[in-house]
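A.B. asks: this one's structure only:
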């Protein structure tokens, strides 16, 4: 559809991005855990980042959890305007990881993961 409108889109690239998106929604795997281990060893602590993305014209938000220092995407969740409690529940498995958190950065949510 975009190609027909004169906007060049590489289907292979879009497919790769979609597969990465699905993997992100799947959560932690050995590769992600290994990268978090490396970052924690290098910096002593992790800095979590949470971003909420809203596709144009769609009410559901895509929340992405990533580790800032290593630039590691950790998890994603599609949530329809969640409460703070629902966000905390989604993040509980990541708070339970054996890493100290220096900070949690967000573009509008209060600090949610605080582990000293």
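C.D. replies: Now that the structure is in, tell me what you want to look at. These numbers come from a predicted model, not from an experiment.

A.B. asks: ok, residues contacting stretch 69-83?
C.D. replies: Under the criterion CB atoms under 8 Å, 6 or more residues apart in numbering, residues 21, 24-25, 27-28, 32, 35-36, 38-39, 42-43, 46-47, 59-67, 86-87, 90, 94 lie in contact with stretch 69-83. In this view, the C-beta of every residue, glycine as well, is placed from N, C-alpha and C.

A.B. asks: of the residues you listed, which belong to strands?
C.D. replies: Judged by DSSP state E, the contacts of stretch 69-83 include 46, 47, 61, 62, 63, 64, 65, 66, 67 as members of strands.

A.B. asks: the fifth one and residue 52 touch, don't they?
C.D. replies: So that's residue 63. Yes: the pair formed by residue 63 and residue 52 meets the contact definition of CB atoms under 8 Å, at 5.3 Å.

A.B. asks: of these two, who's got more company?
C.D. replies: The residue with more neighbours, out of residue 63 and residue 52, is residue 63; 20 against 17, by other CB atoms under 10 Å.

A.B. asks: helices or strands next to the helix ranked longest in the chain in the packing?
C.D. replies: Counting by DSSP state H, the longest helix found in the chain is helix 11-26. Packing partners of helix 11-26 (3 or more CB pairs under 8 Å, 6 or more residues apart in numbering; DSSP states H and E): strand 72-79.
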